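J.: no sequence on this one, just coordinates:
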């Protein structure tokens with residue numbers, strides 16, 4: 001009897017077990033699966049958004065293809081993420097070329113610019129040549145900031161936690177009401193039985 005009572009006290013509600021599975025799945029997806037398939041998530045800062053206005057807005061999310069093969073697929077019109085001294089920057093490809101280097105070696109380059117011309121000098125000028133060393137990845141999907149939480153791992157965990165805890169509290173309250181209702185019904189039935197049963201002296 002004591003063992004059963006101890007088990008009940010230590011028993012984790014199934015809702016929280018389900019929440020733990022969700023959180024672990026989200027972490028595995030972003031830490032392991034995303035890099036394996038060659039994807040990375042970036043959140044657009046205000047400076048980058050202004051440089052790429054009106055295409056991007058502050059808080060937009062970028063899903064970026066970062067595998068090396070992506071460099072060869074870059075073409076004019078693509079938005080790319082590039083290395084810089086101050087961290088990743090976002091630019092639009094205007095043209096691609098193949099330059100010859102020493103001997104018979106050839107190097108593929110592409111020209112980039114920002115969409116907001118007033119920021120051109122800040123990001124190195126207009127139609128700036130970039131090589132594979134500068135390349136991080138190609139943007140394959142832009143998530144508007146109002147829906148950015150849908151692909152933000154921390155936001156996913158928070159939303160899942162709120163939903164699961166809310167469901168747990170709802171179930172707990174429902175079970176409590178049902179238990180009270182059952183106890184009340186049992187008391188009424190016992191009272192009726194006591195009234196109907198004759199008292200034998």
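T.: Received it, and whenever you're ready, just let me know what you need. Remember, it's a predicted structure, so these values are computed and weren't measured experimentally.
J.: By residue count, what's the longest helix in this structure?
T.: helix 153-196 (DSSP state H).
J.: chain center to that helix: distance?
T.: Centroid displacement of helix 153-196 relative to its chain, using CA atoms, centre = their mean, to the nearest Å, is 33 Å.
J.: Packing partners of it?
T.: Packed against helix 153-196 by the contact rule (3 or more CB pairs under 8 Å, 6 or more residues apart in numbering; DSSP states H and E) you find helix 14-28. All C-beta atoms are positioned from the backbone trio N, CA, C, and that covers glycine.
J.: so what does the very next helix or strand once past the helix it packs on touch, helix or strand wise?
T.: Downstream of helix 14-28, the next assigned helix or strand under DSSP states H and E is helix 34-36. Helices and strands touching helix 34-36, as assessed by 3+ CB pairs under 8 Å, 6+ apart, are absent.
J.: Which residues does the helix or strand following helix 34-36 contact?
T.: Reading on from helix 34-36 to the C-terminus, the next helix or strand found by DSSP H and E is strand 39-43. With contact meaning CB atoms under 8 Å, 6 or more residues apart in numbering, strand 39-43 is reached by 30, 34, 59-66, 81, 88, 137, 140, 148, 151-153.
J.: Now, of the residues you listed, which are buried?
T.: Those of the contacts of strand 39-43 that meet the buried threshold are 30, 34, 59-66, 81, 88, 137, 148, 151-152, by 16 or more other CB atoms under 10 Å.
J.: Same question for stretch 83-93: list its buried residues.
T.: Quick answer for stretch 83-93 (16+ other CB under 10 Å): 88, 89, 90, 91, 92, 93.
J.: Cool, thanks, signing off.
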